[in-house]
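S.K.: sequence first, then the predicted structure:
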Amino acid sequence: MFYKDERLALFIDGSNLYAAAKALGFDIDYRLLRQEFMRRGKLLRAFYYTALLENEEYSPLRPLVDWLNYNGYSMVTKPAKEYTDSQGRRKVKGNMDIELCVNAMELAPRLDHIVLFSGDGDFRPLIESLQRQGVRVSVVSTIRSHSPMISDELRRQCDNFIELDELRDVIGRPPREPRSEMDAEPPQEHE
């Protein structure tokens, strides 16, 4: 439930939203996403969090990051760390949870409603704290993928769960074929 006069902000866990949309078989149109939530209330900020591989000549995320930066999103990025696991596989680590939590807590006194785009159960204490401050919290994720992308405890804690698949017609577009294996939001391991 949204109210037209409420001040709201979006907090988008980039890799989590990308994985959820991919599991449902569509891509997010970020212009439409922003417009949809501007329609639902007074959108003060739309934050997008992602880690970037700094040592690559070309990052497939760079065009998206630049576009979002020029089109009304507040970008929060940091260098991702690359490592090789015990089986010799290349892994990328770039957890943005702390940055998202700090920004949400700082803005909470100026907001009525926060929309969190993530299914990560680590955000449950954040939601609980925001609610104690009088901020309503909606979570956007999916339970319709092969395995649900939202933790049960996060879904129980939030004021409103929004099924990402139900937003498909409003904020989605058909997936485009990646130019390369890395032409997408990379999966990131949490610490």
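M.R.: Structure's in. What do you need?
S.K.: show me which residues of the helix or strand of the chain with the lowest mean pLDDT are buried.
M.R.: Across the helices and strands of the chain, mean pLDDT, DSSP states H and E gives its lowest value to strand 90-93, namely a mean of 77. For strand 90-93, burial by neighbour count (16 or more other CB atoms under 10 Å) applies to residue 92. Using the backbone N, CA and C atoms, a C-beta is placed for each residue, glycine as well.
S.K.: ok, now stretch 28-35?
M.R.: Neighbour-count burial for stretch 28-35, counted by 16+ other CB under 10 Å, picks out 28, 30, 33-34.
S.K.: residue 130 - how many residues pack around it?
M.R.: By other CB atoms under 10 Å, the residues close to residue 130 number 25.
S.K.: ok, it to residue 113 distance?
M.R.: Using CB to CB, to the nearest Å, we find residue 130 at a distance of 10 Å from residue 113.
S.K.: pull up the overlap in contacts between the two.
M.R.: Applying CB atoms under 8 Å, 6 or more residues apart in numbering, one finds that residue 130 and residue 113 are jointly contacted by residue 137.
S.K.: what about the buried residues of stretch 28-35, which are in strands?
M.R.: Counted as lying in strands by DSSP state E, out of these, are residue 28.
S.K.: tabulate the buried residues of stretch 28-35 (CSV), appending distance to residue 163 and pLDDT.
M.R.: CSV is the format used below for the buried residues of stretch 28-35 (distance: CB to CB, whole Å; pLDDT from 0 to 100):
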residue, distance to residue 163, pLDDT
28, 14, 96
30, 19, 97
33, 15, 98
34, 19, 97
